[in-house]
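**Student:** sequence first, predicted coordinates after that:
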Amino acid sequence: MRFLKPVNFVFFLVLAHCSNSQQDLSFTDYDQSVVPYKLSEPKNIASLHYDLEEISGLSFFSDSTLLAVQDEKGTLYLIDSEEGKIRKEIKFANSGDYEGVELSEGSIYVVSSSGTLINFTLTDGQAQQVKSVKTKLSGKNDVEGLGAVGARIVMLCKASGEVDNNNVKGKAGYFFNMKSDQLKTDPAFSFRLKELQDFIKDRQHFNKINDFDPSGLAQHPITKDIYIVTADRALLVLSKKFKIRELIKLPRKYYKQPEGICFSPDGTLYIASEGDGARAKLVMIDYLK
């Protein structure tokens, strides 16, 4: 066996340290007063059951329980917020491509990629009063996110932001009126990749973004900012008036393919990532009050 000479070995360690430090800096290249989380220092990481390898949506339910859905089954999963174990499975529909889940005003909403919104209540551990609404969003929009913003539901498009030929360019989110079961076809917000690029262009480390594919949305319970996570490991933070406040790169080490995001009432942040051939992960990050 050959050994490195002492000088060469020290040089190798220095290079490795510099490389790691440079890499770490890109993940911390954001304003922590705007986004009060150490995203590269999670409090807890839980491996999810193999049935949730393709987890696609996340919502807060109770002090120790989160709601989750996955791409292929019309099943609602109640999971432990720390250990990630499945506590209960509740069937609400047939198989489909389900991409988001949200609890709002006592009802549970699940959205499909083709823009169909299903809502129901939980009674005695069963889905009751199940109703399905086909909105004006469709497969061309590829709806991937669903979140409650105030008393309104927002449906988030991963692909085209255009609805009814409204000439929206880039990505967009739309309000759904829960009382009238109607989608408002004027977007709640929209943005192009160039706007995101312009926002970070003067940064030292994370100063270029090639893709932005939104996959989950949640409103912070305290600051009221809107957090949008993407499958390509970015986190966009908007003000409650949907203005860009921060854009962050997420480390692949913890966030392999982020698909779901939610908060507990105290500001604890949860991000779920697909397994992509392995077990999915649920990451918990403390709120820095």
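**Tutor:** Everything's here; your move. Numbering: from 1, shown residues only.

**Student:** so E72 makes contact with L52?
**Tutor:** No - applying Cβ atoms under 8 Å as the test, E72 and L52 come out as separate, 11.0 Å apart. From N, CA and C alone the C-beta is placed, and that goes for glycine too.

**Student:** look at these two and report which has more neighbours.
**Tutor:** Each of E72 and L52 has its neighbours counted (other Cβ atoms under 10 Å); L52 has more, 26 against 13.

**Student:** ok now do the more buried one, which residues does it touch?
**Tutor:** The contact partners of L52, taken as Cβ atoms under 8 Å, 6 or more residues apart in numbering, are A68, Q70, Y77, I79, I86, G275, A280.

**Student:** could you find the closest non-adjacent residue to the fifth one?
**Tutor:** Which is I86. In space, and not counting its chain neighbours, I86 is closest to H49: 5.1 Å by Cβ to Cβ, 6 or more residues apart in numbering.

**Student:** picking that back up, what about the contacts of L52, which are in helices?
**Tutor:** Of those, none are assigned to helices by DSSP state H.

**Student:** any of these buried? List them.
**Tutor:** Buried by 16 or more other Cβ atoms under 10 Å: A68, Q70, Y77, I79, G275, A280, out of the contacts of L52.

**Student:** ends of stretch 81-93, how far apart?
**Tutor:** 24 Å (Cα to Cα, to the nearest Å).

**Student:** on that earlier part again, which one of the buried ones among the contacts of L52 is nearest to S62?
**Tutor:** For the buried ones among the contacts of L52, the minimum distance to S62 (Cβ to Cβ) is 11.3 Å, reached by I79.

**Student:** helices along the stretch 101-250 of the chain, start to end?
**Tutor:** Here the stretch 101-250 of the chain has its helices, by DSSP state H, counting those that start in this stretch, at 193-200.

**Student:** still on that earlier bit, quick one: which of the contacts of L52 sit in strands?
**Tutor:** Per DSSP state E, strands hold the following members of those: A68, Q70, Y77, I79, I86.

**Student:** closest one of those to L137?
**Tutor:** Comparing those against L137 with Cβ to Cβ places Q70 closest, at 20.4 Å.
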